[in-house]
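>>> Any chance you could fold what I've pasted below:
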Amino acid sequence: MEAILPHVAFDGWSDAAFRRAAADRGMTEAAARVVAPRGAVDLAVTYHRQGDEAMRAALVKEDLSALRFRDRIARAVRLRLDVITDREAVRRSTALFALPHLAAEGGRQVWDTADAIWTALGDSSDDINWYTKRMTLSAVYASAVLYWLGDDSLDQQATTDFIDRRIDDVMQIEKLKAQVNDNRLLRPLLGPLGALMGRVRPPARTPPLDLPGSWTTPR
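The predicted structure is shown next:
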């Protein structure tokens, strides 16, 4: 992982960079692929996961008690960007996971980041909200990364402001959802749908991983 980063700036997360990283560590490519069967792709995924772990560690040290919950989310997104040690590696990762055959893998990494943030902030959802929270935050984080990659403002303040605007947009959606749920005229239509959605449960946290989710058995 450490050996490939200097090569990523020139060759991207490519087979060429992977071979050079293996050589730098005194390994054959075959030996390196024992631990990274997909080569540089696996190392790109590892790099992203290391960022999530660093973000979790940074959040533990933060005192968020005085912040509104929407501000805690914004702060967590900002911290996730702050722990990135190599902007060019992220730029190259964005290009890598935009490829059609790796788009699903890229989406999974963004989803995992959103899940890491919500979990670190103590989210206790056990219904459809578990999914909607991570879906909306995934969109916020993905757009924030793209904005951050081109941000040359002082201390990247423009990125912080961008994150705040995106979180505000999400809050407006939540406000609209509440208004719809409180609408007496729509309640007869929403009742059956709400009952159906109420049976959706988040995936199990212990092996075997129960993805993409589960349904409760009616009593």
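>>> From here on, just use CA atoms for contacts and neighbour counts.
Fine.
>>> and residue 126, what pLDDT?
Looking at residue 126, its pLDDT is 84.
>>> do residue 207 as well
Note for residue 207: predicted pLDDT of 50.
>>> same thing with residue 129?
For residue 129, pLDDT reads 84.
>>> what helices or strands is the strand or helix carrying it leaning on?
Per DSSP states H and E, residue 129 falls inside helix 128-149. Applying 3 or more Cα pairs under 8 Å, 6 or more residues apart in numbering; DSSP states H and E, one finds that helix 128-149 contacts helix 103-120, helix 157-181, strand 200-201.
>>> So which residues make contact with it?
Helix 128-149 has contacts (Cα atoms under 8 Å, 6 or more residues apart in numbering) with 77, 81, 87, 91, 110-111, 113-115, 118, 156, 159, 162-163, 166-167, 170, 197-198, 200-202.
>>> show me where pLDDT drops low in the protein?
174-201, 204-219 (pLDDT under 70).
>>> Try it again at 80.
Flagging of the chain using pLDDT under 80 yields the residue ranges 172-219.
>>> If we go by neighbour counts, what in stretch 73-83 is buried?
By 16 or more other Cα atoms under 10 Å, the buried positions in stretch 73-83 come out as 73, 74, 75, 76, 77, 78, 79, 80, 81, 83.
>>> For the last one, which residues are in contact?
Spelled out, it's residue 83. By Cα under 8 Å, 6+ apart, the contact list for residue 83 reads 51, 54, 55.
>>> Filter these down to the buried ones, PyMOL style.
This is the PyMOL syntax for the buried subset of those, where burial follows 16+ other Cα under 10 Å:
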select buried, resi 51+54+55
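>>> Serialize the contacts of residue 83 to a markdown table and add fields for distance to residue 136.
Listed next are these as a markdown table, based on distance: Cα to Cα, whole Å:
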| residue | distance to residue 136 |
| --- | --- |
| 51 | 20 |
| 54 | 22 |
| 55 | 19 |
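>>> Specify the local secondary structure of residue 17.
Following DSSP: H, G, I helix; E, B strand; the rest coil, residue 17 is assigned to helix.
>>> quick check, distance from stretch 55-74 to the centre of its chain.
16 Å (Cα atoms, centre = their mean, to the nearest Å).
>>> For it, which outside residues touch it?
Residues contacting stretch 55-74 (Cα under 8 Å, 6+ apart): 76, 79-80, 83, 116-118, 120-121, 163-164, 167, 171.
>>> What residues sit buried inside it?
55, 56, 59, 64, 71, 72, 73, 74.
>>> okay, the helix holding residue 129 in CSV with CA atoms only?
Listed next in CSV are the C-alpha coordinates belonging to helix 128-149 (Å, rounded to 0.1, in the frame of the first residue of the first chain):
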residue,chain,number,x,y,z
ILE,A,128,-36.0,1.8,6.0
ASN,A,129,-34.5,4.9,7.4
TRP,A,130,-31.2,3.0,7.8
TYR,A,131,-31.0,2.9,4.0
THR,A,132,-32.3,6.3,3.2
LYS,A,133,-29.9,8.0,5.5
ARG,A,134,-26.9,6.3,3.9
MET,A,135,-28.2,6.9,0.4
THR,A,136,-28.6,10.6,0.9
LEU,A,137,-25.2,10.9,2.7
SER,A,138,-23.5,8.9,0.0
ALA,A,139,-24.7,11.5,-2.5
VAL,A,140,-23.5,14.3,-0.3
TYR,A,141,-20.0,12.7,0.2
ALA,A,142,-19.6,11.8,-3.4
SER,A,143,-20.3,15.4,-4.6
ALA,A,144,-18.1,16.8,-1.8
VAL,A,145,-15.2,14.8,-3.0
LEU,A,146,-15.5,16.0,-6.5
TYR,A,147,-15.8,19.6,-5.3
TRP,A,148,-12.8,19.2,-2.9
LEU,A,149,-10.6,17.9,-5.7
